[in-house]
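Peer 1: Sequence first, predicted model second:
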Amino acid sequence: MSSSAVARNGQEFLAVLDNEEKTIKSKADGYNKLLQTDDNHLNEDVRCDINAVIGEVNLLLRGKLKQFRGLCQANVSKSTTSAGEPTPLDSDLEGFWDITYPLIDKVKVKFTKLDDRKAMQWASIEDEYDPNDVNNRPRIIDERLKQLQPHQNKSKPSTAKTANDDLKKLIQERRKAAANLSNSANQNHDVEIFVTQK
């Protein structure tokens, strides 16, 4: 779906874009309606998951897809873009679409997962770890850190504390040295007067 042998022009991409936007908007609207009509049957986790995907759709529509639509329209009208850049070539559109389509596809996959959960009365589904999904990374890293933490605490209990103490000592020593320097400057305030003979 992302690329083809023959480069598509702006008109063809506008048709593809309309279709993709219609699909994800329709899904987002359906789930939005579900959130508003549901009488507290959905738990907070499910609501958060639904809102996250709807938010992703809205960001896409207002961001990358809006930008891509502008490029396609500039390609069709053979005019400069709204940013004043030259008319995008068909190959430019292909390149932009290759970057943009995976974002659409990812949202569609998330809607499919929501559909699956809905069919199972919102039972939790164990996801396989996707290293490319930024949203999955923190949880996995957190789990790994929790496993490592006891070992770190036992082996190096005071590394941060020691560094902090060393820094405090250094600051105190510098302050003492500055105070001593200031005191010695104040004590040695003998004035010598030189008089030149005429």
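Peer 2: All right, it came through fine.

Peer 1: next one: phi and psi at residue 121?
Peer 2: Phi and psi for residue 121, reported as degrees, to the nearest 10, are phi 60, psi 40.

Peer 1: how far away is it from residue 46?
Peer 2: Distance, residue 121 to residue 46, using CB to CB, to the nearest Å: 10 Å. The C-beta positions use only the backbone N, C-alpha and C, and glycine is treated the same way.

Peer 1: For these two, indicate the residue with more neighbours.
Peer 2: residue 46 (18 against 7; other CB atoms under 10 Å).

Peer 1: In this structure the more buried one contacts residue 117, no?
Peer 2: Yes: counting by CB atoms under 8 Å, residue 46 touches residue 117, with 7.2 Å between them.

Peer 1: For the chain, just list every one of the helices.
Peer 2: Using DSSP state H, the helices of the chain run over 10-37, 44-62, 64-77, 90-119, 137-155, 159-187.

Peer 1: Check which residues of the fourth one are buried.
Peer 2: For helix 90-119, a neighbour-count test (16 or more other CB atoms under 10 Å) marks 92-94, 96-97, 100-101, 104, 106-108, 110-111, 114, 117 as buried.

Peer 1: got it, and the third one?
Peer 2: In terms of neighbour count (16+ other CB under 10 Å), helix 64-77 has its buried residues at 64-65, 68-69, 71-76.

Peer 1: And for the first one?
Peer 2: Buried residues in helix 10-37, counting neighbours by 16+ other CB under 10 Å, are found at 10, 12-14, 17, 20-21, 24, 27-28, 31, 34.

Peer 1: likewise the second one?
Peer 2: Along helix 44-62, the positions that meet the burial threshold by neighbour count (16+ other CB under 10 Å) are 46, 49-50, 53-54, 56-57, 60.

Peer 1: Reformat these as TSV; add distance to residue 174 and pLDDT.
Peer 2: Converted to TSV, the buried residues of helix 44-62 look like this (distance: CB to CB, whole Å; pLDDT from 0 to 100):
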residue	distance to residue 174	pLDDT
46	57	91
49	54	93
50	57	94
53	55	96
54	56	96
56	52	97
57	56	97
60	54	97
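
Peer 1: Out of those residues, which is nearest to residue 170?
Peer 2: residue 56 (48.5 Å; CB to CB).

Peer 1: now that closest one: how far from residue 62?
Peer 2: 11 Å.

Peer 1: same check, this time on residue 175
Peer 2: 54 Å.

Peer 1: before we move on, what about residue 118?
Peer 2: 26 Å.

Peer 1: likewise residue 167?
Peer 2: Distance of residue 167 to residue 62, given as CB to CB: 47 Å.
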